[in-house]
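In: Next comes the sequence, and after it the predicted model I'd like to discuss.
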Amino acid sequence: MSLPDILKKIVKNEDLSREDYYQALSEIMEGNVSEILTSSFLTALSLRPYKGDELAGLSSAMRKFALPISIDKHPIIDTCGTGGDRKGTFNISTTTALVCAGAGIYVAKHGNRSATSSCGSADVLEYLGVVIDLPPDRVAKCIEEVSIGFLFARKFHPAMKNVAKIRSELPFPTVFNLLGPLSNPVSLDGQIIGVFAKELLEPIAKALQKSGIKKGFVVWGNDGVDELSISDRTDVVEISGDSIKHYQVFPEDFGLSRHPIENIKGGTLEKNAEIVRSVLTGEKTPYRDAVLLNAIFGILVSGKTSDWKDAIHIAEESIDSRKAMDRLENLIKYSRQFAKEVL
């Protein structure tokens, strides 16, 4: 089915298959579609609730056109949110990824520069000294040597150049704001995805399940954050094989105190980098508690343990032993070394 035919069905609110959406975005990624058709497609999708099959097909096309990368180490996870919550918190998922790596879990951290705040994962890691735009083979070596590597979305998804101009001109978010976390080029075993709106929990979870993930958590904090919330209840959708479970958790469920969201705010790039370092060097602050809460689920999704009490102990040990900080320092060291090899 051609893109014009698919677009007609979307406008009529008719059902389409996962393969239809895969085909539509594949045509766009190949650069064979006019700007008018592309913008019409993105606009039509934005006018109705997103569905699991739709996101699964679109993200499959994203991965098809991504630069290939192969990692032999397992289990391997990612901690990547959709962004867009506009709450101004510090880089929780990035710090969580480093804590998980410090716990001996392999992490393929997929991320980008921020579009809605001053500091995305790429921004803060670059400021801390990480070379963020390594080619796939060097990112793979980082993961193998350090337990963590950064997959810069702009580097790994070159076909996005075919929609960049249109996205920048459309005056609203498009489906690409949701596809980033679903489009990690690495074949993951587990993943946490934070979403910025409650209604995205189920479609993102269904899309993640259809990707073949072994275990996943999709989370939304009731204070609006796209993370597990340290200040409020968190809605969780858990994916395990063919099953999907919905439940809610509170910080107190894990022996952690609540903190007002104002206490985990970030700020400038310099400020956020300072917060990341403070957590990894063991300072006992609300920032640490926010990371511990999210790291529990990162450790659980890896399969390292199925007991949250073990998971929080593992996360605390990763920080307090300086293993998490060592991972950051080694990521800086190895990424710079590998960057020189590329030149």
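Out: Done, it's in. All figures in this text were calculated on a predicted structure; none of them were measured in a lab. Residues are numbered from 1 along each chain as shown.

In: Point to the residue nearest the middle of this protein.
Out: residue 80 (1.5 Å; CA atoms, centre = their mean).

In: tell me the contacts of it?
Out: Contacts were defined as CB atoms under 8 Å, 6 or more residues apart in numbering; by that measure residue 80 touches 93, 109, 110, 111, 121, 180, 181, 184, 191, 192, 193. Any C-beta I mention is one placed from the backbone N, CA and C, and that applies to glycine too.

In: Okay, it and residue 134: tell me how far apart.
Out: 18 Å (CB to CB, to the nearest Å).

In: now do residue 125
Out: From residue 125 over to residue 134 (counting by CB to CB), the distance is 11 Å.

In: Mutual contacts of these two, please.
Out: Counting by CB under 8 Å, 6+ apart, the residues touching both residue 125 and residue 134 are residue 150.

In: before we move on, which element is residue 202 in?
Out: Residue 202 is part of helix 201-210, with elements assigned from DSSP states H and E.

In: so what secondary structure elements neighbour the helix ranked longest in the chain?
Out: What stands out as the longest helix in the chain, according to DSSP state H, is helix 323-342. On a contact count with 3 or more CB pairs under 8 Å, 6 or more residues apart in numbering; DSSP states H and E, helix 323-342 meets helix 92-102, helix 121-128, helix 136-146, strand 148-152, helix 269-280, helix 308-320.

In: in the longest one, what's buried?
Out: When burial is assessed from 16 or more other CB atoms under 10 Å, helix 308-320 yields the following buried residues: 308, 311, 312, 314, 315, 316, 318, 319.

In: Pull the distance from that helix to the chain's centre.
Out: Helix 308-320 sits 22 Å away from the centroid of its parent chain (CA atoms, centre = their mean, to the nearest Å).

In: cool, and the second one?
Out: In this view, helix 121-128 has its centroid 15 Å away from the chain centroid, taken as CA atoms, centre = their mean.

In: And the strands in the stretch 1-150 of the chain?
Out: Counting by DSSP state E, counting those that start in this stretch, the stretch 1-150 of the chain has strands at residues 76-79, 106-111, 148-152.

In: Contacts for the last one, please.
Out: By CB under 8 Å, 6+ apart, the surrounding residues in contact with strand 148-152 are 69, 97-98, 101, 106-112, 121-122, 125, 130, 132-134, 139-143, 184-186, 327, 331, 335.

In: Follow the chain on from that strand and name the next helix or strand.
Out: Taking DSSP H and E, what comes next after strand 148-152 is helix 153-156.

In: Please list the residues outside that following helix that contact it.
Out: 66-67, 69, 110-113, 122, 132-136, 160, 180, 183, 185.

In: could you redo the last one with a cut-off of 7 Å?
Out: 66, 67, 110, 111, 112, 133, 180, 185 (CB atoms under 7 Å, 6 or more residues apart in numbering).

In: and if you look at stretch 292-307?
Out: Here stretch 292-307 has contacts from 75, 77, 79, 92-93, 96, 99-100, 103, 105, 190-192, 215-217, 227-228, 230, 251, 254, 256, 308, 311-312, 314-316, using CB under 7 Å, 6+ apart.

In: Okay, now the unreliable bits of the stretch 101-250 of the chain?
Out: 115-118 (pLDDT under 70).

In: returning to what we had before: turn the strands of the stretch 1-150 of the chain into a markdown table, including mean neighbour count.
Out: Output for the strands of the stretch 1-150 of the chain, formatted as a markdown table (neighbours: other CB atoms under 10 Å):
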| stretch | mean neighbour count |
| --- | --- |
| strand 76-79 | 28 |
| strand 106-111 | 27 |
| strand 148-152 | 27 |
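
In: Ok, which of these comes nearest residue 239?
Out: Residue 239 sits nearest to strand 76-79 of all the strands of the stretch 1-150 of the chain, at 13.0 Å, using CB to CB.

In: Strand partners (parallel or antiparallel) of that closest one?
Out: If you go by DSSP bridges, strand 76-79 pairs up with strand 106-111 (parallel), strand 190-194 (parallel).

In: and the shortest one, how far from the chain's centre?
Out: The reference is to strand 190-194. 7 Å.

In: For residue 87, which residues are in contact?
Out: 224, 225, 261.

In: same check, this time on residue 201
Out: Applying CB under 7 Å, 6+ apart, we find residue 201 in contact with 195, 218, 220, 235, 237.

In: Check the spacing between the residue nearest to it when sequence neighbours are not counted and residue 267 real quick.
Out: Of all residues not flanking residue 201 in the chain, residue 237 sits nearest, at 4.9 Å (CB to CB, 6 or more residues apart in numbering). Counting by CB to CB, the gap from residue 237 to residue 267 is 31 Å.
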